[in-house]
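Q: Any chance you can model this:
(2 chains)
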2 protein chains.
Amino acid sequence: MCVAGCEAKVRAALSRRGFFAAAAATGLAAAAPARAAEPRSFTKVVDLTHTMSAEFPTFMGKPGIEMEREFDFKKDRFNLFWWHIVEHAGTHLDAPLHFSETGLSAEKLPVEQLVVPLAVVNVVYQAEQEADYQLSREDLAKWEAKHGRLPAGCCVAMHSGWGELATSDPAMFAGRDVNGTFHFPGFAPAAALWLLKERQVAGIAVDTMSLDHGASRDFKTHQLWLPSGRWGLENVANLDKVPEAGATLVVGAPKVKDATGGLARVIALV
Amino acid sequence: MCVAGCEAKVRAALSRRGFFAAAAATGLAAAAPARAAEPRSFTKVVDLTHTMSAEFPTFMGKPGIEMEREFDFKKDRFNLFWWHIVEHAGTHLDAPLHFSETGLSAEKLPVEQLVVPLAVVNVVYQAEQEADYQLSREDLAKWEAKHGRLPAGCCVAMHSGWGELATSDPAMFAGRDVNGTFHFPGFAPAAALWLLKERQVAGIAVDTMSLDHGASRDFKTHQLWLPSGRWGLENVANLDKVPEAGATLVVGAPKVKDATGGLARVIALV
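A: Okay, here's the model as predicted:
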C-alpha cells in the first residue's frame, strides 16, 4: 500500500537513482556521491541530541566527561570550565579512524557528508520482543517498500525505542547481565554489508550505545562500516519525533584534528 | 541601489516584521521570537568551522586542547582518545552563562535558536585600515539599506577578514603588542546594544577570538550581550564563502550540562 505522498517520494527516489547512475559512470567514490543541487527545504527543527553529563550512561561504565572550573563569575566576572571528555560518549560521532589504522579522522569528513537525507528504520516492535535484536536486511527492504529506494548519500538510522531509556531508565539502557554482557539492539553486520555494497549511504546512526548490538563480541558492524570511510552516530535521541523519510540530518560533528570521533550536536531539519 | 532579488528580500523582511509585531503583542521573549513556519531551503553547504588542534591560537595563549590516547588500533583493534579541552577555544559557542551568574548554560539554548537566518556584515575594508576596528551601528544600517531589515531571530556575523589569519598568520590573528594588548576587530558595544534593543537577534558571531575587539579592557560587548540570554560564536571561519543575506546558520553547539560554551560545528546552508 502506498501512503499519502509516497508516489512523489518514489519519483524523487527514482530521480536521485538516475543521478547516481550518472555519478557512478564518472567514477565518484561510493561513500561520497556528489549530489544534485536540488533545493532541500524544511519548516521545523528537531534536536536529536542527548544532554551530555557525567551521569550519561557510557559503554565503558565510567563517566564520559569531567568538568573542572577555572574561572568563577563571582570572583572573576566570567565562568569557564575545562572538560576531560572521552571521544565516544553521549550523542557522538564514530569517525572511520575509530576502527582503522589510517581511516579519516573527524576533521577530514567532507561537510557535504554531514548534511544528508535521513532514513529512519523503525524496529521498536522487534526490539520490544528481543533486546538483542539486530536490524536486518529485511527491515531495510520494508523501509524501501514503503518509501522508495534509500536516497543517495543518506544516513540510515535505527529507531529501536532505546533512545528514551538513556534518561528514563539508564540501568536498562546500559545494562549488563550477570556475565557482563550488554543487551541492546544494533545493526546486523549483514544489513551493514548490504548497505555498503548495494546503496550509497554516508553514515549509519543508532539510538543505543553501539552500532553493533550489545551482545556482540567482535564488533563486526563497526569493523565493516567504519574502515570503508563512512561515519557512525551513537546515542541518537528523539528518533520518534522525526518522519521515517524526508528529513535532512545535520551532523554537528566535532572538527578536531586526528579525532576518532567525539561529541556531536545532531539536528534534523523536517 | 537595490541589488537583484532585493525587492523580494525586503518583502520577506516586511512579512517577518509583521509576524514579529504579532508575536510581540503576545508577550514572547525578545531573544526567542517564535518564527513562522515558512519553508527555508538550500542547495549548498558551507563549513564555517576551523579545525581545532593544540596549535589553534587561543585567547589565553596556552593550547586549548590536549589529546590523550587510551586505545591504539595496532594493539587494541580500535583507536580512542580522551580530550582535555577548554570551553572557549577554536570555533566555539559563548553561552549566556559565560558572562552571568545564572544565565542559560549551553544545553539549555532552545534548538530553534540554533538554526537561524544568517546576516553577514562585511567590515573587511575597515579592519584593513584599523586592526582595532569595532563594527558599528552604521555598518548595521548599511547592511539593512542593502538587504532589508535584519530578519527576526537571526545571527549577525562580523566578517572582518581575520578568519583566514587563524591558519595563514596565527601570530597576527592572536598577536599582542609590547604591552600585551591584543589588536583585532570586534563588535562595538553600541552596535550590540542597538541590536539588543531594536532588533530580534538570537546571536552574534565573529571571525576573531572575541566578541569584543582585542584591545577591550572591560569586555563590554560580552557584558551586554550574553546576560541578555543570547549566544555568541567566536573564531568563525569562511565568512567570505557565504552571501551577506539569505543563508541559514546551523550552530552545532555542544549540548553539555552546565557548560558555559564549548567547541561547536558551525555550518551554513546556502
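Q: Excluding residues flanking it in the chain, which one is nearest the residue in the stretch 151-270 of chain A that chain B sits nearest to?
A: As assessed by C-beta to the nearest C-beta, chain B sits closest to A:Gly252 within the stretch 151-270 of chain A, at 2.0 Å. C-betas here are computed from N, CA, C, even on glycine. The shortest distance from A:Gly252 to any non-neighbouring residue, by C-beta to C-beta, 6 or more residues apart in numbering or on different chains, is to B:Gly252 (2.0 Å).
Q: I figured the residue of the stretch 151-270 of chain A closest to chain B was touching B:Ala264, is that so?
A: Yes. The criterion here is C-beta atoms under 8 Å, and A:Gly252 meets it with B:Ala264 at 7.1 Å.
Q: Residues that sit against both of the two, list them.
A: Residues touching both A:Gly252 and B:Ala264 by C-beta atoms under 8 Å, 6 or more residues apart in numbering or on different chains: A:265, B:251-253.
Q: Kindly indicate the member of these with the most neighbours.
A: Ranked by the number of neighbours (other C-beta atoms under 10 Å in any protein chain shown), the shared contacts of A:Gly252 and B:Ala264 place B:Ala253 first, at 30 neighbours.
Q: Now do the contacts for that one.
A: Shown in contact with B:Ala253 (C-beta under 8 Å, 6+ apart): A:252, A:265, B:93, B:95, B:106, B:109, B:114, B:231, B:262, B:264.
Q: Tell me which stretches of chain A form helices.
A: A:6-25, A:73-76, A:124-129, A:137-147, A:165-168, A:170-173, A:189-198, A:220-225 (DSSP state H).
Q: lowest-confidence stretch among these?
A: Across these, helix A:6-25 has the smallest mean pLDDT, namely a mean of 36.
Q: Give the burial count for the residue in the stretch 101-250 of chain A positioned nearest to chain B, as a bare number.
A: Of all residues in the stretch 101-250 of chain A, A:Val111 sits closest to chain B, at 4.0 Å by C-beta to the nearest C-beta. Neighbour count of A:Val111, defined by other C-beta under 10 Å: 17.
Q: Verify the stated contact: it with B:Thr51.
A: No. Between A:Val111 and B:Thr51 no contact is recorded; they are 11.8 Å apart, counting by C-beta under 8 Å.
Q: Run through chain A and note the low-pLDDT ranges.
A: For chain A, the stretches flagged by pLDDT under 70 are A:1-36.
Q: Tell me where it has strands.
A: A:40-42, A:45-47, A:65-71, A:80-86, A:92-94, A:115-122, A:134-135, A:154-159, A:186-187, A:201-206, A:231-234, A:247-252, A:261-263, A:265-269 (DSSP state E).
Q: what's in contact with the first one?
A: The set of residues external to strand A:40-42 that reach it, using C-beta under 8 Å, 6+ apart, is A:247-248, A:269-270, B:39-43.
Q: Buried subset of those, written for ChimeraX?
A: Only the buried entries of the contacts of strand A:40-42 go into this ChimeraX selection, using 16 or more other C-beta atoms under 10 Å in any protein chain shown:
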select /A:247,248,269 /B:40,42
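Q: Greatest separation within the contacts of strand A:40-42: which pair is it?
A: Greatest spatial distance among those (C-beta to C-beta): A:Val270 and B:Thr43, at 18.1 Å.
Q: Okay, the residue of the stretch 101-250 of chain A closest to chain B and A:Gly252: tell me how far apart.
A: 11 Å (C-beta to C-beta, to the nearest Å).
Q: so what sits against both of the two?
A: B:Ile267.
Q: starting at the chain centroid, how far to stretch A:202-209?
A: The chain centroid and the centroid of stretch A:202-209 are separated by 3 Å, computed with C-alpha atoms, centre = their mean, to the nearest Å.
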